[in-house]
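*Asks:* I would like to see how this sequence folds:
(chains A and B)
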Protein chains: 2
Amino acid sequence: MFKLASSSPNGRRGSLETPHGTLETPFFMPIATKGAVKTLSSQDIEQIGSPIILSNTYHLWLRPGMEVMKEFGGLHKLMDWKGAILTDSGGFQVFSLSGLRKLSENGVEFQSHIDGAKLMLTPELCMQIQRTIGSDIVMVLDVCTELPATKEALEQALELTTRWAKRSKDEFERTKEGSVNPGAKLFGIVQGGTDIELRKRSARELVEIGFDGYAIGGLSVGEPFEEACKVLEALDDILPKDKPRYFMGGAKPHEIVEYVKRGIDMFDCVLPTRNARHGQLYRFVHDDLSKPDFYEAVQITNEKWKNSHEPIGKTGELGRYSMGYLRHLFTVDEMLGQRLATINNVAFYIELMDKIRKYV
Amino acid sequence: MFKLASSSPNGRRGSLETPHGTLETPFFMPIATKGAVKTLSSQDIEQIGSPIILSNTYHLWLRPGMEVMKEFGGLHKLMDWKGAILTDSGGFQVFSLSGLRKLSENGVEFQSHIDGAKLMLTPELCMQIQRTIGSDIVMVLDVCTELPATKEALEQALELTTRWAKRSKDEFERTKEGSVNPGAKLFGIVQGGTDIELRKRSARELVEIGFDGYAIGGLSVGEPFEEACKVLEALDDILPKDKPRYFMGGAKPHEIVEYVKRGIDMFDCVLPTRNARHGQLYRFVHDDLSKPDFYEAVQITNEKWKNSHEPIGKTGELGRYSMGYLRHLFTVDEMLGQRLATINNVAFYIELMDKIRKYV
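*Replies:* Here you go, the predicted structure:
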């Protein structure tokens, strides 16, 4: 399913086969947490040219709920999306959004952030939900630890993550037959904070269970960039070369270049879409990815764009509307502004990965 | 410029020539108050098939302001819109949005609703602004009266409206040469509340000055539907048959059918766009416009749509996404929902006018 085509000091080049298309790696996944990339339709994503989106188990479980998801035969059909879908397991959301979280061997009990309902997420249920969603790439349920944490707490979380990973895999295999997307792949999630020894141990234990790909979780949570790099460097020899590696939740454009250098094949990040809604636009400055200033992030509400006739981008609607018009839309709080900025930023990240694939 | 093609008990059929296209009447104008139909781009409006949009003098004057408007050479270029534009004069907005309004013979002094700045709008300035915007159809500055009002107050407002209409026309003609859209048309606005005699007097005085078209202002402000009809019936013989008639700010779909019967050629209304953002979708029920139940307005958040595979509409993205998906988008507050609902409702009003043009 994953073919590593080449490897250089600049990174790995490969392709990942999924039931909804073969994806050239490294790639980036726009975030459609609740079944839509904010302000955009699946048609918009097609036009931008992303072959994959990322959605979220926790959010879709609560709304629209699994009854609706079953009725529609999965998220692909619900949102009429023909490309691939990866779903995050919801572990992170349970830890960050919900109240009264209670962790046990069996799973995590928590209160819904919507109506306060008491719910219990287990590795098994997490697999069942993602099978119902019909994801192409399913993530195991992992234990997220609040940082800073003691080594003991990190170690306990890691051990539970491994046990849950095993249970996830068993349930994933059990639920394959008759599911809407039986060709789905399962990824393990390496935890361990910024403790190199724990990270290595987590990776070894997951590799022993055996997954279709390996994600690095618990980074992009405020740790220094150098710490994240050290974790990736330490994992390089442990993670199998012939499986894809996914850096969860990151990163800034120049950091992506650095993470690709350290062997990463897959990314997701809220920055392009969230920043777009706050009027921050990514643009290329030059073509040399080896220099971190190859891009800029401009604030469209800045006075300097007031009279700018410069088109927002090169193609489609971005080529049609000016920076001056976009600034006006943000100034008067018209949603069209957020939409155009989102198209710009998602297209930027897609083009960035295109450049990176030529660079590695 | 206006050609009346036919007239029947069901209404008038004609065409209105503007510098940006010849419009078949009766027609409806989607509202782009601040230079965008909320959630939509000019490209979206083209795809929906509206030949004209309505924007607002007051709002564009404040933001982006006339300096930017001049820099871009008018609103057509700022928003890259190739169709026609009508601008409301801003009289209504000065009265409804601003604080500390002070009316005098010269104009109306008021405070900006944005930063509290003291501003003065006169009939002359109002024409200069609309010339800078480059509207195809310019509206005179009128005096709006708070209702209920004494006959004396209505009479005074009416008389001032007439004097301002004359000054508007003089300034409109003076500013023609060298303006970005010299072929623009000027419409007078009939006032007088629901007092039939005052309405007739207002119309007569405006006809005497002579305009390219006549708007009926001060309706659709909460008065009973029957009162509005009576006003239109009273004006029918006074307004020249060979000029277009514009009912400002109204109305519901079945009311539009009734107003067309009473000689109206042009409409604008916030209902399709505003209701869309609150999840209310217009849909045709049958083809017989003589019965007011030819349409329905469904609430997409209603439980009944939860599992609906029915497409939102017939073409484009509306034909692609289901009512069930749209309900989900509204439930989780995704902007895409508001956007799809807006496309649906604007397309509904455009199709309604299409049906009406075959019906009259």
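*Asks:* what helix or strand does A:Leu160 sit in?
*Replies:* Applying DSSP states H and E as the criterion places A:Leu160 in helix A:151-174.
*Asks:* do the same with A:Glu24
*Replies:* Per DSSP H and E: strand A:21-25 holds A:Glu24.
*Asks:* what comes up buried for the helix holding A:Leu160?
*Replies:* By neighbour count on 16 or more other CB atoms under 10 Å in any protein chain shown, the buried set for helix A:151-174 is A:154-155, A:157-162, A:164-169, A:171-172. Backbone N, C-alpha and C define where each C-beta goes, glycine included.
*Asks:* Put the alpha carbons of it into PDB.
*Replies:* What follows is helix A:151-174, C-alpha atoms only, in PDB (Å, rounded to 0.1, in the frame of the first residue of the first chain):
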ATOM      1  CA  LYS A 151       8.100  10.800  33.700                       C
ATOM      2  CA  GLU A 152       5.900   8.400  35.600                       C
ATOM      3  CA  ALA A 153       2.700   9.900  34.200                       C
ATOM      4  CA  LEU A 154       4.100   9.900  30.700                       C
ATOM      5  CA  GLU A 155       5.200   6.300  31.200                       C
ATOM      6  CA  GLN A 156       1.800   5.200  32.400                       C
ATOM      7  CA  ALA A 157       0.100   7.000  29.500                       C
ATOM      8  CA  LEU A 158       2.500   5.400  27.100                       C
ATOM      9  CA  GLU A 159       1.800   1.900  28.400                       C
ATOM     10  CA  LEU A 160      -1.900   2.400  28.200                       C
ATOM     11  CA  THR A 161      -1.600   3.800  24.700                       C
ATOM     12  CA  THR A 162       0.200   0.600  23.700                       C
ATOM     13  CA  ARG A 163      -2.500  -1.600  25.200                       C
ATOM     14  CA  TRP A 164      -5.200   0.500  23.600                       C
ATOM     15  CA  ALA A 165      -3.300   0.300  20.300                       C
ATOM     16  CA  LYS A 166      -3.400  -3.500  20.500                       C
ATOM     17  CA  ARG A 167      -7.200  -3.500  21.300                       C
ATOM     18  CA  SER A 168      -7.800  -1.000  18.500                       C
ATOM     19  CA  LYS A 169      -6.000  -3.300  16.000                       C
ATOM     20  CA  ASP A 170      -8.000  -6.300  17.100                       C
ATOM     21  CA  GLU A 171     -11.300  -4.500  16.800                       C
ATOM     22  CA  PHE A 172     -10.300  -2.900  13.500                       C
ATOM     23  CA  GLU A 173      -9.700  -6.300  12.100                       C
ATOM     24  CA  ARG A 174     -12.900  -7.800  13.600                       C
END
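*Asks:* Is A:Ser7 in contact with A:Arg13, as I believe?
*Replies:* Yes: A:Ser7 is in contact with A:Arg13 according to CB atoms under 8 Å; the separation is 7.4 Å.
*Asks:* Just confirm A:Ile343 is within a strand.
*Replies:* No: under DSSP: H, G, I helix; E, B strand; the rest coil, A:Ile343 sits outside any strand and is assigned helix.
*Asks:* list the contacts for the residue lying closest to A:Thr57 once chain neighbours are set aside?
*Replies:* Nearest residue to A:Thr57 in three dimensions, chain neighbours excluded: A:Gly90, at 3.8 Å (CB to CB, 6 or more residues apart in numbering or on different chains). If you count contacts by CB atoms under 8 Å, 6 or more residues apart in numbering or on different chains, A:Gly90 has them with A:56-59, A:61, A:121, A:126, A:129, A:141.
*Asks:* can we see that at 7 Å?
*Replies:* Shown in contact with A:Gly90 (CB atoms under 7 Å, 6 or more residues apart in numbering or on different chains): A:56-58, A:61, A:121, A:126.
*Asks:* With A:Gln47 instead?
*Replies:* A:Gly316.
*Asks:* re the thing from before, neighbour-wise, which of the contacts of A:Gly90 leads?
*Replies:* Neighbour counts for those peak at A:Cys126, which has 30 neighbours (criterion: other CB atoms under 10 Å in any protein chain shown).
*Asks:* How about the contacts made by that one?
*Replies:* Taking CB under 7 Å, 6+ apart as the test, what A:Cys126 contacts is A:57, A:89-90, A:141, A:168.
*Asks:* Please list the members of those residues that lie in helices.
*Replies:* A:57, A:168 (DSSP state H).
*Asks:* Least confident of the contacts of A:Cys126?
*Replies:* In terms of pLDDT, the least confident member of those is A:Gly90, at 91.
*Asks:* Helices of the stretch 101-250 of chain A, start to end?
*Replies:* In the stretch 101-250 of chain A, the helices defined using DSSP state H, counting those that start in this stretch lie at A:123-133, A:151-174, A:196-209, A:225-235.
*Asks:* Compare those and give me the one nearest B:Ser135.
*Replies:* Nearest to B:Ser135, of all these, is helix A:123-133, at 49.8 Å by CB to CB.
*Asks:* quick revisit: any idea which of the contacts of A:Cys126 is closest to B:Val260?
*Replies:* A:Thr57 (52.4 Å).
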